[in-house]
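> with the sequence up front, the predicted model follows.
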Amino acid sequence: MNLTKRLMYVIVIVFGFLFLSSFQKERIKDRSNYYGVWANQNCEMVQTKKYTLIFSREADKIKVILRRNIIKHDTIFSEFVLGYVFDNEEKSYKKIKHIKNTSVLLDSLLSLKDNKLELRLDSNEQLLDMVEKIDICPPYDMLSAKKGIIGKCLQTWQLGTVEHKLDVDDFWIEIGTNKHLYIFLSNQNQLYCRAARIRSNEKGSVFSQNIRLMFNTNNNETTIFMDKDNYTITKADININDSLFKPNVCSFEKGGIYWSFVSYKADTIRLNGCGDIYTFTKPLLSDKKRVEWFKYKNY
């Protein structure tokens, strides 16, 4: 093989490699513009790098679906984890045992169009507006509690995705953004799926649920609730009235539930919750259950 042919051979190989590399980069696109809280009147979704949690209402039924993102080679798949259908008329629920296309390409489930997110679930399509952006970041050392930053610590310490339990028969994850709190809990005694807003300051936190789906055999609670105009309430701010904080009781007010400040140490803050004292703990860098970390943003 003469020198010219050898050079041509090398050039072809190099360009082929570059082409394949660029193709792979195109396949794994930056999905950061998907990450956040999205909503419309009858639907709400929180999308992180790892999870998609969806609440969708149709007539008297509310469907909750949790999906997990899986990266295989150069492709991102969305994999069904758990789901339930709550019937408000019958005050019952059913577990989704079979779902069409358990694992699908993420792009076939979600797409952005004119700053709106199109969500496709079977034959049901939802067009959602972004309510809050989530910025995912590496783990970082969070602030320790002290006077003057109690509210900032309460806000920061809730940020991220925490995998408490991952067995399908005993499942519990929480997703906390700067303005919202989500929970998906499913076990033998309790089924609890919730979306809520939260704001905090030196006096404590104000917690307001816009979606509460609860079946609890421990206290016989049966609640199936989603605000009539879910989008309006989800994007609304919470105006804290400091005079409504009552350290000795759980205060139910029109704007939300007031969890009042009780005490603090460097790594814990205690609030008077509902029927108990809630203890909030500073996350550690070594926390293996906190699988996603989010950036702090001022309200």
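Cool, the structure landed.

> make it CA atoms for all contacts and neighbour counts henceforth
OK.

> and the nearest residue to Val46 once chain neighbours are set aside, what does it touch?
What sits nearest to Val46 in space, not counting adjacent residues and going by CA to CA, 6 or more residues apart in numbering, is Val37, at 4.5 Å. Contacts here follow CA atoms under 8 Å, 6 or more residues apart in numbering; on that basis Val37 touches 44-47, 130-134.

> also Ile277?
Contacts here follow CA under 8 Å, 6+ apart; on that basis Ile277 touches 270-271.

> then stretch 42-51 to PDB, C-alphas only?
Taking Å, rounded to 0.1, in the frame of the first residue of the first chain, the C-alpha atoms of stretch 42-51 are listed here in PDB:
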ATOM      1  CA  ASN A  42     -55.700  18.500  35.300                       C
ATOM      2  CA  CYS A  43     -52.100  17.300  35.300                       C
ATOM      3  CA  GLU A  44     -48.900  17.800  37.200                       C
ATOM      4  CA  MET A  45     -45.500  16.300  36.600                       C
ATOM      5  CA  VAL A  46     -42.100  16.600  38.200                       C
ATOM      6  CA  GLN A  47     -39.200  15.600  36.000                       C
ATOM      7  CA  THR A  48     -35.700  15.000  37.300                       C
ATOM      8  CA  LYS A  49     -32.700  13.400  35.600                       C
ATOM      9  CA  LYS A  50     -33.700  10.000  37.100                       C
ATOM     10  CA  TYR A  51     -37.500  10.100  37.700                       C
END
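
> ok, and what's touching that stretch?
By CA under 8 Å, 6+ apart, the list of residues contacting stretch 42-51 reads 31-32, 34-39, 52-58, 66-70, 126, 128, 134, 136, 228-231, 292.

> again, only this time at 6 Å
With CA atoms under 6 Å, 6 or more residues apart in numbering as the test, stretch 42-51 has contacts from 35-38, 52-57, 67-69, 230.
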